[in-house]
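>>> Give me the fold of what follows.
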Amino acid sequence: MPLYNDTAGTAALAICESLLLAMNDHDILPEKEIVGILKDAAAAHENAPAGDDDALHAAVAVLINGILNGGNSVRRP
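Numbers count the residues shown, from 1 in each chain. Below you'll find the predicted structure:
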């Protein structure tokens, strides 16, 4: 089951990243809004209630913050 979850998660990330890029390219959402979406998503995982999924939430927050810092989702330098 972990391989399926990894595959599904990777596919979901790629799809969402492509949608964010397309929305920015077609002036549907400005870069500022896209960055806000990513920050909100990271914050949701950073502030998730403590429990069995703590490591997963932490890893997701690190991944999203890495996208923000690396500029991947909105083609920022």
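>>> any idea how far residue 27 is from the spatially closest residue to residue 63 that is not a sequence neighbour?
Distances taken as C-beta to C-beta, 6 or more residues apart in numbering place residue 13 nearest to residue 63, at 7.9 Å, with adjacent residues excluded. For every residue, glycine as well, the C-beta is placed using N, CA and C. Residue 13 sits at a distance of 24 Å from residue 27 (criterion: C-beta to C-beta, to the nearest Å).
>>> Ok, residue 11 next?
For residue 11, the distance to residue 27 - C-beta to C-beta - is 27 Å.
>>> Look at those two and report which has more neighbours.
More crowded of residue 11 and residue 27, by other C-beta atoms under 10 Å: residue 11, with 10 against 7.
>>> State the pLDDT value of residue 5.
Looking at residue 5, its pLDDT reads 72.
>>> Please compute how far the helix or strand containing the residue nearest to residue 63 lies from its chain's middle.
Residue 13 is located in helix 2-25, with elements delineated by DSSP states H and E. Centroid separation for helix 2-25 versus its chain: 9 Å, with C-alpha atoms, centre = their mean, to the nearest Å.
>>> The helix or strand following that helix: which residues count as buried?
The helix or strand immediately downstream of helix 2-25 is helix 31-46, counting by DSSP H and E. Of the residues in helix 31-46, 34, 35, 38, 41, 42, 45 count as buried by neighbour count, 16 or more other C-beta atoms under 10 Å.
>>> cool, stretch 14-32 as well?
So for stretch 14-32, counting by 16+ other C-beta under 10 Å, buried means 20, 23, 24, 29.
>>> Can you give me the distance of the nearest residue to residue 29 once chain neighbours are set aside to residue 17?
Excluding its sequence neighbours, the residue lying closest to residue 29 (C-beta to C-beta, 6+ apart) is residue 23, at 4.3 Å. In this view, residue 23 and residue 17 are 11 Å apart by C-beta to C-beta.
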